[in-house]
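In: Build me a model from this:
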Amino acid sequence: MTLHHDASPQQRLWEMIRDIRYGMLTTRHTDGQLRSRPMTTQNRSIDEGAILWFFVALDTEPAMDLKDDGAINVSYADPHKDCYVSIAGYGRFVDDPARKQELWSTANEAWFPNGPGDANVGLLAVHIDHAEYWDVTASKMTQLFKMAKAAATGQRPLDLGEHREVPLRPH
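Out: Now for the predicted structure:
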């Protein structure tokens, strides 16, 4: 994957995740455990506020979890491209019928047959605070060679790809 290094942090992040259909959305359950569920990212791009959008049924555990604790992690993985992303932020439900309609697709009807106007369809905005990605650029053969060498020498494999942290909000 070739990243455009002159792009904004949001755009570089979007280049990493735009073709990955599902993200694993992790919330803290009321019993304190971290729980992850596959969710479909609704964005067609990351908007200027560094927000990812998801539809969530308001009567489900993920929605209940978010009422108690808005801290969220969303992770994306594309093993075929050796691309991995972890996003930390906070989530809140947004009452915006126009945005729901804008993000809606017929694929959502499998989960929400009554459409975006259904009172149980929640629009979750995940405000990204921090992202981290691993983009392995070395070929599979090079990876295997470097891993074998690392196992033999006891040293970590180097130069397999790019690892970068992308802070998106000032702290």
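In: Show me the beta-bridge partners of residue 73.
Out: Note on residue 73: beta-bridge partners by DSSP bridges are residue 26, residue 88.
In: Verify the contact between it and residue 86 for me.
Out: Yes: counting by CB atoms under 8 Å, residue 73 touches residue 86, with 6.5 Å between them. For the C-beta atoms, the positions are set from N, CA and C on the backbone; glycine is no exception.
In: What is the longest strand seen in the chain packed up against?
Out: Counting by DSSP state E, the longest strand found in the chain is strand 121-136. Applying 3 or more CB pairs under 8 Å, 6 or more residues apart in numbering; DSSP states H and E, we find strand 121-136 packed against helix 9-17, strand 51-57, strand 83-94, helix 97-103, strand 161-167.
In: give me that answer again for 10 Å
Out: helix 9-17, strand 22-28, strand 51-57, helix 61-68, strand 71-78, strand 83-94, helix 97-103, strand 161-167 (3 or more CB pairs under 10 Å, 6 or more residues apart in numbering; DSSP states H and E).
In: Residue 109 is nearest to which of those?
Out: Between residue 109 and the helices and strands packed on strand 121-136, the shortest gap by CB to CB is with strand 51-57, which sits at 10.7 Å.
In: Turn the helices and strands packed on strand 121-136 into TSV, columns for mean neighbour count.
Out: Listed next are the helices and strands packed on strand 121-136 as TSV, based on neighbours: other CB atoms under 10 Å:
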stretch	mean neighbour count
helix 9-17	19
strand 22-28	19
strand 51-57	20
helix 61-68	17
strand 71-78	19
strand 83-94	18
helix 97-103	14
strand 161-167	13
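In: want to throw those into a markdown table with distance to residue 39?
Out: Formatted as a markdown table, the helices and strands packed on strand 121-136 follow (distance: least, CB to CB, whole Å):
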| stretch | distance to residue 39 |
| --- | --- |
| helix 9-17 | 12 |
| strand 22-28 | 4 |
| strand 51-57 | 5 |
| helix 61-68 | 8 |
| strand 71-78 | 8 |
| strand 83-94 | 11 |
| helix 97-103 | 13 |
| strand 161-167 | 21 |
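In: Serialize these to CSV and add fields for mean pLDDT.
Out: Listed next are those as CSV, based on pLDDT from 0 to 100:
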stretch, mean pLDDT
helix 9-17, 79
strand 22-28, 96
strand 51-57, 95
helix 61-68, 91
strand 71-78, 95
strand 83-94, 94
helix 97-103, 95
strand 161-167, 61
